[in-house]
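*Asks:* have a look; sequence and predicted model below, questions after that.
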Amino acid sequence: RIVRAYLEVEQSRLSSRLTTEIQVDDGALDVAIPVLSIQPLVENAIKHGVAMRSEPGYVRIRAECAGEQLRIAVENSAASGGTGATGAGVGLQNVRRRVEICYGAASGLALTVGAENTRAEILIPLARAGAEVGYFSSHGR
């Protein structure tokens, strides 16, 4: 809900320059995730990708259970001319640290920066996610 509300605000600001897509598999809805794990990734996608473009861009969010992991991917169209993003920003480091503290070495955050798009992906082992308390599930979308 937080991410959807944020995207509504950005949609108002960027209008036709922003296209969004959210796909959450039913199996991913009941997996608890730390608060503010996805929000910073979406903010970065807008700030460093879509908002830097003169032409329209997109943000796509996908959550799915694949094997023994929950995979949450945030992909966006790259900024015009590329920004040279390295994944060393404070927001990404905070998400990476939060996920690894909560779920151990089998979890993490991967960032792939290409000429056409950027993709940030959180990996959470399902066995550990089911044992955590004090987190909000994505249920309710």
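*Replies:* Received it, and whenever you're ready, just let me know what you need. Numbering: from 1, shown residues only.

*Asks:* may I ask which helix or strand of this structure has the lowest mean pLDDT?
*Replies:* Every helix and strand in the chain was compared by mean pLDDT, DSSP states H and E; the lowest is strand 136-137, with a mean of 45.

*Asks:* Leu7 touches Glu43, doesn't it?
*Replies:* No. Under the criterion of CB atoms under 8 Å, Leu7 makes no contact with Glu43, lying 10.2 Å away. (Glycine included, C-beta is placed from N, CA and C.)

*Asks:* any chance you could map the helices in this protein?
*Replies:* 2-14, 39-48, 90-103, 126-129 (DSSP state H).

*Asks:* shaky segments in the chain?
*Replies:* Applying pLDDT under 70 to the chain picks out residues 81-88, 128, 130-141.

*Asks:* at 50 what do you get?
*Replies:* 132-141 (pLDDT under 50).

*Asks:* list the contacts of Glu75.
*Replies:* Ala45, Tyr58, Val59, Arg60, Ile61, Arg62, Asn117, Thr118, Arg119, Ala120 (CB atoms under 8 Å, 6 or more residues apart in numbering).

*Asks:* could you rerun that using 10 Å?
*Replies:* Going by CB atoms under 10 Å, 6 or more residues apart in numbering, Glu75 touches 21, 41, 45, 49, 58-62, 112, 114, 117-121.

*Asks:* how far away is it from Pro125?
*Replies:* Glu75 is 22 Å from Pro125, where distance means CB to CB, to the nearest Å.

*Asks:* equivalent analysis for Arg1, please.
*Replies:* In this view, Arg1 and Pro125 are 25 Å apart by CB to CB.

*Asks:* between these two, point out the one with more neighbours.
*Replies:* Higher neighbour count among Arg1 and Pro125: Pro125, with 17 against 9, using other CB atoms under 10 Å.

*Asks:* touching, the more buried one and Ala106? I think so.
*Replies:* Yes. Using CB atoms under 10 Å, Pro125 is in contact with Ala106, at 4.5 Å.

*Asks:* circling back: turn the helices of the chain into a markdown table, including distance to Ile33.
*Replies:* Output for the helices of the chain, formatted as a markdown table (distance: least, CB to CB, whole Å):
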| stretch | distance to Ile33 |
| --- | --- |
| helix 2-14 | 11 |
| helix 39-48 | 11 |
| helix 90-103 | 9 |
| helix 126-129 | 7 |
